[in-house]
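Q: here is the input, now give the coordinates:
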Amino acid sequence: MQKKIIFQRFDERCNYIVRIQEILTHRNVNEIQVAVAFVRKGGVSQLIAALENSKAKTTVFAGINNDVTSFQGLELLFDNAVSVYGVDTNSKSMIFHPKIYLFKSDEYYDVIVGSGNLTNGGFTENIEVGAHLVLKKGNADDDQGILEIDEFFKALLEEKTGAIIEICSEVQLEEILAKGKLTDESIKHISENSSSDNTSDSGPRLSFLKKAMHVTSALKKILPQVSKSRVVVPTRFNASTWEHVWESNPLTERDLNIPTGINTNLTGNMNLSKGSFKIAFQTYFRNEVFLDAIWTIDKNPNYEITTVLAQLIILGNNVGEKEFTIRHDPRTNTPTYEQNNCMSHIRWGSLRSHIANRLYLEKRLNIYRTKVSEKEYSYAFVIQ
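A: Got it, this is the predicted structure:
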């Protein structure tokens, strides 16, 4: 067995994500299995970037109901075709707390075990220590370790009590979020790197700290990009100074994702229809309203997707700046298009916790925008 120690932030040449990148570069990895306590979007973004050229089947077991693992982190894994399982011990005194990253190739098991979670802190920013173990198949000393690792992940996959939940849809993730078993990164929480609300960045710093290294070269190709320039909207929104680009029909249970009828499905989306505007609604949102946003190919290559920062204002209350994901089908030869149905929609994601309210039935969703540069807009989504 070969062993290499990771001293993150002691050695600027190596941290968790750099070591993962090295394994993926030098091995023909065909399967990846991960079991960690905490998952956040920042760590997942780095992992997805490292996996850009990998075809390895990837599975992640993530602790949930621990006040750290986030909806956004698991959503990003799911959106990138990773098999995701949430592990809930149903106990506040005992949580799922391993940190093991397994990379299988034809000849080797590369295993990273240590203190680093699948978070930005665990991969790059925190002071972490880990061990990279290289186990060679057919080596008598290593085969026992390989067997024990396989038995660990097999036990997780075959757990029958219901404590381990396979994530099969974004709607399922939203339901877990609604139960309080995931955090919402769009709402301020204590960071996974912080011990309390009183933690301060002032005072003396550790002298041995080295620069945090990141793997970021692939991120722009993989992830929907968010506009950086925006206008902060005051609590009392003055619509007269903004361009009104759309108003919905009266909001329904389906729009707000609060279905009660047996024939009304929870989709996680809201269709962008004609509403009260006279528009070519099948192309209007892609080619006019959000034309200057940065669009990328969705995990389903038939669709395009973008994420824009916008103020969310509900019945006069400014909820704050949120990420809105817009998905569009550009095809013109499908039954959906030919039947004059909607080709664009809002994917609510974690925003469902803000909009799934029966008080908003029969209200209308409005979209406003204002120019912040020659080719960039700031947006406001207003329920009124």
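Q: and the helices in this protein?
A: If you assign secondary structure with DSSP state H, the helices in the chain sit at 16-26, 41-50, 71-79, 120, 140-157, 170-178, 219-222, 253-256, 281-284, 335-338, 352-355.
Q: out of these, name the one with the poorest average pLDDT.
A: Note on the helices of the chain: helix 219-222 shows the lowest mean pLDDT, a mean of 39.
Q: what's the mean pLDDT across stretch 1-13?
A: 86.
Q: how far away from the center of its chain is it?
A: Taking Cα atoms, centre = their mean, to the nearest Å, one finds stretch 1-13 lying 28 Å from the centre of the chain it belongs to.
Q: cool, stretch 51-65 as well?
A: 12 Å.
Q: in that stretch, what's buried?
A: In terms of neighbour count (16 or more other Cβ atoms under 10 Å), stretch 51-65 has its buried residues at Leu51, Ser54, Ala56, Thr58, Thr59, Val60, Phe61, Ala62, Gly63, Ile64, Asn65. Every residue, glycine included, has its C-beta placed from N, CA and C.
Q: farthest-separated two in those?
A: For the buried residues of stretch 51-65, the farthest-apart pair by Cβ to Cβ is Ser54 and Asn65; their separation is 30.2 Å.
Q: quick one on the thing from earlier: of the helices of the chain, give the one that comes closest to Ile127.
A: Ile127 lies closest, by Cβ to Cβ, to one member of the helices of the chain: helix 16-26, at 11.8 Å.
Q: list of residues touching that closest one?
A: 4, 6, 8, 29, 46-47, 50-51, 53-54, 56, 101, 103, 110, 112, 114, 116, 122-124, 128, 130, 132, 213-215 (Cβ atoms under 8 Å, 6 or more residues apart in numbering).
Q: just the buried residues of these.
A: Buried subset of the contacts of helix 16-26 (neighbour count, 16+ other Cβ under 10 Å): 6, 8, 29, 46-47, 50-51, 54, 56, 101, 103, 110, 112, 114, 116, 122-124, 128, 130, 132, 213-215.
Q: and Leu147, how many neighbours?
A: 10 (other Cβ atoms under 10 Å).
Q: make that Val382, sorry
A: Around Val382 there are 24 residues (other Cβ under 10 Å).
Q: Asn302 is nearest to which of the helices of the chain?
A: helix 335-338 (10.7 Å).
Q: returning to what we had before: which one, of the helices of the chain, ends up nearest to Thr370?
A: Nearest of those (Cβ to Cβ): helix 281-284, 18.4 Å.
Q: packing partners for the closest one?
A: Judged by 3 or more Cβ pairs under 8 Å, 6 or more residues apart in numbering; DSSP states H and E, the packing partners of helix 281-284 are strand 344-347.
Q: so where's this structure shaky on pLDDT?
A: Within the chain, the stretches with pLDDT under 70 are 188-203, 205-239, 261-267, 375.
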